[in-house]
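Novice: sequence and predicted structure, then a few things I'm wondering about:
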Amino acid sequence: MEKAKSIITFVDNLLGKFRKVFLNIFTVLLLMLITLGIFGSLGSLFESDEIETEDQILYLEPNGVIVDKAINRNDLFEEFEIFGSSTNQIELENILKVINNAGTDDDLKAIYLDVDGLSAYFTSALKIADALYKARENGKEIIAYTSGLGTTNYLIASQANEVILEKDAYGSVLPFGFSRVRQYQKDFFENIKVDMNVYAAGDFKSGPEGFTRNDMSETDRLAWVEFVTPVWEKYKAMMETGRGFDSGTIQYIGDNYHLLATENGGDDNETALATGLVDKLMTKQEIRNYMIEKFGSEEDYEWPEGITGREYLSTLKDEKTSKKEQRAQDKNKIAVIHVEGAIVTGGIDFNTAGSGGIVKNINKARDDESVKGIILRVNSPGGDVYASSMITNALEEFQSTGRPVYTSMGDIAASGGVWVTTTSEEIWAEDTTLTGSIGVYSIIPDVSPLENWAGINYDGVSMTKAGDIYDLSRGMNEELNKQFRENTENFYREFVTKVADNREMEYSEVLKFAGGRIWRGDTALELGLVDKLGSLDDAIDSMVTKLELEDYKVFSYNTEVEFEFDLNLLIQNKLPSQIQDLLNEISGLNRMLLSGEDRYVVAYCFDCGFKNFE
């Protein structure tokens, strides 16, 4: 026994020493990284920050997701690029600022464009494409190079003077329009003996159809086709203008691509060249040499001298104002509050409009007497009804001080994204904004049939009848089923009532365009769901005019997310890009539907899912 104790003691001491050594090594490495970071920062203070733009190429290679407001992360590992970075966010305002200024900047020789890594929704993509077209019309040469493009990214690249496709790439240029394909799992859940109790309010509320059907409903098909067809017409017109095609060419290529590819031996890249979708096929070495031939290079085998989009952005300074003007502006501020991503409770994060963080920002504006009004900038497919109500409650409190709230809808403002606008005095949307989807639903999975099949049973006693009714371990019952249905319908009535009150309409009028149906911004204007069509700047100008402000300042609250060490995030960054994209897309939904809290009713638009619109 003593011998066994001594062995255990020896092993324990050895492990203790090992832990100390490991912690010491880790601490030293961490301190070294921090020290290097500090010295790097100090060194940058003595370096010139001036970036030369004369006779440079602007290498515009955006890689990330277009957003209204980027989320800053206090992430040590990301700062030093130890495990790779999380999803890159590119603010729409910044990329438009770069393109618009570059288009009229005589110092820049040309723009080299690569949008392979860019993700953008309809409205944002159309704005970027239009900015590039104007830059080209202003005489700025734009050369686009790609390893393969889908519809939206080709829309952007097609505005270049030349589109060059990588010769040996597996991808190609395939602008085949929009499609929306989803899984329908009714038979699957029946086969695994899981009852998906779905309560949907609204004939067009198609979000939960994947659980209740094996195919697309006619109402879903109708709403989707009517929404997207005019957007596709806009895309085709811009692509055809950019490429100098006759009207109808893009549709013809999409409808007959299988035949066109056969004529070119099944080679997608040769088909893209033969149809005029691209101008040339080049390897990466050939495109480099082509750029050198056109613009020169100081060294052999080196690309022409140039600057990145981020570097160019840093040279674009705002107009200087006098201290007197600054003091006047600081007394009259317009706060832009962003609601971006799935609406859930908690903090703000990428693709997550956390009501806790948003309410905090609204309260900051409430307590700041220099803030004369709020512009609610919505880019959200909706989410948790409770979280949406928290936001409107805070906005109503702000408005009780006599200050206005306007809404500016971006790419998406649907379902819960409409709910949060129902206190606004004026609502603006873009003509291609995806909005509407006024409806709610709840989903309650019941695994008791599966457990019974597997031989797992539950039994017990309760002091009240409610204790039995609300215990789902023994399966869904008639009383609870009725309550969930009535609860969902009550939330729907509340939603429609809020919209009716805000829009100064009869309840019956709103019912005609509610029902969970999606609408484009231009149609929403005709229906009275929004007041005017225009950009965020237009909404700001409208508020400034109403408030009769001469000197004012527009600002938004920066959001920093504290770093939390999460092994799952590290693993995710090593997964294939397709899986990472999917995880990023549903990050908000994980918090909304899969948390341990009782969030039963949601106002979310599954029609708005980004990956459905390739």
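Specialist: It's in. Numbering: from 1, shown residues only.

Novice: C-alpha only now, for contacts and for neighbours.
Specialist: Noted.

Novice: so for whichever strand or helix holds residue 221, what gets flagged as buried?
Specialist: Secondary structure from DSSP states H and E places residue 221 in helix 218-243. For helix 218-243, the neighbour count (16 or more other CA atoms under 10 Å) marks 220, 223-224, 227-228, 231-232, 235-240, 242-243 as buried.

Novice: who are the packing partners of the next helix or strand after that helix?
Specialist: Per DSSP H and E, helix 218-243 leads on to helix 249-263 as the next helix or strand towards the C-terminus. Here helix 249-263 touches helix 218-243, helix 268-274, going by 3 or more CA pairs under 8 Å, 6 or more residues apart in numbering; DSSP states H and E.

Novice: mind jotting down where the helices sit in the stretch 451-600 of the chain?
Specialist: With DSSP state H, counting those that start in this stretch, the ranges of helices along the stretch 451-600 of the chain come out as 465-469, 478-503, 507-513, 521-527, 536-547, 567-572, 577-585, 587-593.

Novice: neighbouring contacts of the shortest one?
Specialist: By CA atoms under 8 Å, 6 or more residues apart in numbering, the residues outside helix 465-469 that reach it are 461, 462, 477, 479, 480.

Novice: same check on the fourth one?
Specialist: Contact with helix 521-527 is made by 429-436, 513, 530-533, as judged by CA under 8 Å, 6+ apart.

Novice: let's see it at 7 Å
Specialist: 429, 430, 431, 432, 433, 434, 435, 530, 531, 532 (CA atoms under 7 Å, 6 or more residues apart in numbering).

Novice: and the nearest residue to residue 371 once chain neighbours are set aside, how far is that from residue 354?
Specialist: What sits nearest to residue 371 in space, not counting adjacent residues and going by CA to CA, 6 or more residues apart in numbering, is residue 333, at 4.5 Å. From residue 333 across to residue 354, the span is 24 Å (CA to CA, to the nearest Å).

Novice: just to revisit the earlier point, for the contacts of helix 465-469, give me JSON lines that also has pLDDT and distance to residue 181.
Specialist: Shown next, in JSON lines, are the contacts of helix 465-469 (pLDDT from 0 to 100; distance: CA to CA, whole Å):
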{"residue": "461", "pLDDT": "89", "distance to residue 181": "47"}
{"residue": "462", "pLDDT": "88", "distance to residue 181": "46"}
{"residue": "477", "pLDDT": "91", "distance to residue 181": "34"}
{"residue": "479", "pLDDT": "92", "distance to residue 181": "36"}
{"residue": "480", "pLDDT": "91", "distance to residue 181": "33"}
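
Novice: any of those residues buried? List them.
Specialist: Members of those classed as buried by 16+ other CA under 10 Å are residue 480.

Novice: out of the contacts of helix 465-469, which comes closest to residue 363?
Specialist: The closest of these to residue 363 turns out to be residue 480 (CA to CA; 37.8 Å).

Novice: give the contact list for the closest one.
Specialist: Counting by CA under 7 Å, 6+ apart, residue 480 has contacts 469, 470.

Novice: out of the contacts of helix 521-527, who has the most neighbours?
Specialist: residue 435 (33 neighbours; other CA atoms under 10 Å).

Novice: could you find the closest non-adjacent residue to it?
Specialist: residue 414 (4.3 Å).

Novice: burial check on that neighbour, number of neighbours?
Specialist: Neighbours around residue 414, by other CA under 10 Å: 33.

Novice: can you tell me how far it is from residue 66?
Specialist: The value you get for residue 414 to residue 66, if CA to CA is used, is 18 Å.

Novice: ditto for residue 417
Specialist: For residue 417, the distance to residue 66 - CA to CA - is 18 Å.

Novice: next one: residue 303
Specialist: From residue 303 to residue 66 the distance is 27 Å (CA to CA).

Novice: those two: who's more crowded?
Specialist: Between residue 303 and residue 66, counted using other CA under 10 Å, residue 66 has the larger neighbour count: 22 against 19.

Novice: report the buried residues of stretch 353-362.
Specialist: 353, 354, 355, 356, 357, 358, 359, 361, 362.

Novice: try stretch 267-284
Specialist: Buried-residue list, stretch 267-284, by 16+ other CA under 10 Å: 268-274, 277-282, 284.

Novice: give me the contacts around that stretch.
Specialist: Here stretch 267-284 has contacts from 162, 163, 164, 165, 166, 167, 168, 172, 173, 260, 261, 264, using CA under 7 Å, 6+ apart.

Novice: show only the entries of those residues found in strands.
Specialist: Members of those lying in strands (criterion: DSSP state E): 162, 163, 164, 165, 166.

Novice: need these in TSV with neighbour count and distance to residue 212, can you?
Specialist: TSV is the format used below for the ones in strands among the contacts of stretch 267-284 (neighbours: other CA atoms under 10 Å; distance: CA to CA, whole Å):
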residue	neighbour count	distance to residue 212
162	19	48
163	24	45
164	22	46
165	29	43
166	21	44
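
Novice: need those in a markdown table (columns: distance to residue 395 and pLDDT).
Specialist: Supplementary listing: the ones in strands among the contacts of stretch 267-284 in a markdown table, determined by distance: CA to CA, whole Å; pLDDT from 0 to 100:
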| residue | distance to residue 395 | pLDDT |
| --- | --- | --- |
| 162 | 49 | 98 |
| 163 | 47 | 98 |
| 164 | 50 | 98 |
| 165 | 50 | 97 |
| 166 | 51 | 96 |
